[in-house]
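**Q** What follows is a protein structure lacking sequence information:
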């Protein structure tokens with residue numbers, strides 16, 4: 001975690017979420033190495049792109065993996081958010097999953113109500 005940027009990686013993929021994409025590390029020529037450093041969300045296939053040059057965040061071929069990583073990031077941010085009003089979390093844009101593990105994050109009631117006819 002750095003400058004409200006967070007990363008989750010496994011041996012094959014890396015997902016990066018920047019809560020504030022305008023604040024990034026710029027010293028030592030970092031921007032020359034990472035073309036997508038200002039993207040709010042980044043997803044890399046470390047096997048085919050070990051230098052993280054092609055952001056796959058909108059690539060439908062990775063939709064299942066991206067959704068898994070977004071779910072893990074959302075759970076992490078909700079569990080660690082230090083403010084009562086909630087923290088900014090990534091939006092699902094390729095799909096949704098059930099939580100990967102129990103979370104203490106508050107839940108919101110369903111907007112659907114049922115009425116009983118008499």
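**A** Thanks, I have the structure now. If you're wondering where the values come from, they're calculated on a predicted model, not measured in any experiment. Numbers count the residues shown, from 1 in each chain.
**Q** give me the low-pLDDT residue ranges for this structure?
**A** 1-3, 21-35, 94-118 (pLDDT under 70).
**Q** where do the helices sit along it?
**A** 30-33, 63-80 (DSSP state H).
**Q** Most tightly packed of those helices?
**A** helix 63-80 (a mean of 18; mean count of other C-beta atoms under 10 Å). C-betas here are computed from N, CA, C, even on glycine.
**Q** can you pull the contacts of residue 14?
**A** 7-8, 42-44, 46, 52 (C-beta atoms under 8 Å, 6 or more residues apart in numbering).
**Q** try it again with 7 Å
**A** By C-beta atoms under 7 Å, 6 or more residues apart in numbering, the contact list for residue 14 reads 7, 44, 46, 52.
**Q** who does the residue nearest to residue 52 when sequence neighbours are not counted bridge with?
**A** Of all residues not flanking residue 52 in the chain, residue 44 sits nearest, at 4.5 Å (C-beta to C-beta, 6 or more residues apart in numbering). When bridges are called by DSSP bridges, residue 44 pairs up with residue 14.
**Q** unless I'm mixing things up, residue 44 is touching residue 56, no?
**A** Yes. Residue 44 is in contact with residue 56 according to C-beta atoms under 7 Å; the separation is 6.5 Å.
**Q** which of the two has more neighbours?
**A** Higher neighbour count among residue 44 and residue 56: residue 44, with 23 against 19, using other C-beta atoms under 10 Å.
**Q** and that one, what is it in contact with?
**A** Counting by C-beta under 7 Å, 6+ apart, residue 44 makes contact with 13-14, 52, 56.
**Q** Do me a favour and get the end-to-end distance for stretch 42-55?
**A** 6 Å (C-alpha to C-alpha, to the nearest Å).
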